[in-house]
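Colleague: let me see the structure of the following:
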Amino acid sequence: MRSGPETGLWEIVLGPESAGRRLDAVMGELEEVGSRVRASLLIQQGAMLVDGVVRPKSWRVAEGQRVSVDLSVLGPPAGEALRAAPDITVPIVYEDAYLLVVDKPAGLVVHPAPGHAEGTLVNALLGHGLAGGEVFRPGIVHRLDRDTSGLMLVAKEADVQRRLSCMIREREVERRYLALVRGDIRNESGTIEASVGRDERRRTAMAVEGRGARSAVTHFAVCERFTAFTLLEARLETGRTHQIRVHFQAIGHPVAGDPTYSPGAVLGLTRQFLHSHRLRLRHPVDGSRLDFTSALPADLAAVLAALRAAAGRSVPGAE
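Modeller: Sure thing, here's the model as predicted:
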């Protein structure tokens, strides 16, 4: 057995006691994984391999098989206490007895994971009574990458968390992002359909048709064009890890400033130009219509203003 707590990478060779049992059951019993639910999530994410191959959770394992796990895609095992972080300010756009809508700042990790045990959005919001979902990420319905800013839904009741998660799966929650991408996209609008999974060569990256790839659909519409960049609005139909970033990189128009999929300094950006600017849904309890928007944060707004100035434009566009 090998373990790498600083990276979240971990590996085990199965003994005779595991032979013939389900993969999720065997791995869920191990302290490093924490539960059968966590094992299932790791399998879904393509982060658990049997002899280097993604297998379903019902796979019957054999003695001597090597199971490798990337624990960094989840958080600490159930039972580790979460600590509140009241010193972290997260703007709250909306709050009632059932849910929160927050405007996540760039640079903030959503929930605890190896390397980020504290100081996350979950830690900052514990005082608001988050509930539902995994113990290490209570209330979380969907995620934003650390350096992606903008609107997020968070549940305050377990049943609401389940309902919201179901609504996202059923595509009943509209999530729109503003993105500045490199180059001039030819069409005014379009749809990118390409499965997304883990990159075989880069552990922290995703790729089209990567390991454990799952279907992914992104719709987009052009908002404004510049000499070497295009501002667009992207609407998620699915919500895979790094989906927008991977999809636009795959069609030759990576998100500006993205250190993973388009490395190199550009426009003075210190992170990807990607902002969750609109959420629309029906309230999961009373059915009322909810519609929220978020203006571009200062760093992204400054980049857009500079591009407009260079183009001789003074009228605000999509932000």
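Colleague: point out where the stretch 101-250 of the chain drops to low pLDDT.
Modeller: Residues of the stretch 101-250 of the chain meeting the criterion pLDDT under 70: 113-117.
Colleague: which residues of it fall in helices?
Modeller: Using DSSP state H, counting those that start in this stretch, the helices of the stretch 101-250 of the chain run over residues 121-125, 158-169, 243-250.
Colleague: and those as a markdown table, adding distance to residue 231 and mean neighbour count?
Modeller: Where C-beta positions appear, they are placed from N, C-alpha and C, glycine not excepted. A markdown table is the format used below for the helices of the stretch 101-250 of the chain (distance: least, CB to CB, whole Å; neighbours: other CB atoms under 10 Å):
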| stretch | distance to residue 231 | mean neighbour count |
| --- | --- | --- |
| helix 121-125 | 26 | 23 |
| helix 158-169 | 26 | 18 |
| helix 243-250 | 12 | 24 |
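Colleague: as a markdown table, the ones you listed with distance to residue 218 would be great.
Modeller: Converted to a markdown table, those look like this (distance: least, CB to CB, whole Å):
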| stretch | distance to residue 218 |
| --- | --- |
| helix 121-125 | 24 |
| helix 158-169 | 15 |
| helix 243-250 | 5 |
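Colleague: show me what contacts residue 211?
Modeller: Contacts for residue 211 (CB atoms under 8 Å, 6 or more residues apart in numbering) come out as 46, 49, 54, 197, 198, 199, 200.
Colleague: again, only using 10 Å
Modeller: Contacts for residue 211 (CB atoms under 10 Å, 6 or more residues apart in numbering) come out as 45, 46, 47, 49, 52, 53, 54, 197, 198, 199, 200.
Colleague: out of these, which is most surrounded?
Modeller: Neighbour counts for the contacts of residue 211, by other CB atoms under 10 Å, peak at residue 198, which reaches 24 neighbours.
Colleague: residues in a beta bridge with that one, which ones?
Modeller: Counting by DSSP bridges, residue 198 is bridged to residue 206, residue 211.
Colleague: residue 46 versus that one, what's the distance?
Modeller: Residue 198 sits 5 Å away from residue 46 when distances are taken as CB to CB, to the nearest Å.
Colleague: name the residues contacting each of these two.
Modeller: With contacts taken as CB under 10 Å, 6+ apart, residue 198 and residue 46 have 54, 70, 73, 206, 210, 211, 212, 213, 241 as neighbours in common.
Colleague: buried members of these into ChimeraX, please.
Modeller: The ChimeraX selection below is limited to those of those classed as buried (16 or more other CB atoms under 10 Å):
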select :54,70,73,206,210,211,212,213,241
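Colleague: can you redo the shared contacts of residue 198 and residue 46 as a markdown table with distance to residue 122?
Modeller: Output for those, formatted as a markdown table (distance: CB to CB, whole Å):
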| residue | distance to residue 122 |
| --- | --- |
| 54 | 28 |
| 70 | 20 |
| 73 | 16 |
| 206 | 22 |
| 210 | 27 |
| 211 | 27 |
| 212 | 25 |
| 213 | 28 |
| 241 | 17 |
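Colleague: out of the shared contacts of residue 198 and residue 46, who's nearest residue 228?
Modeller: residue 206 (25.2 Å; CB to CB).
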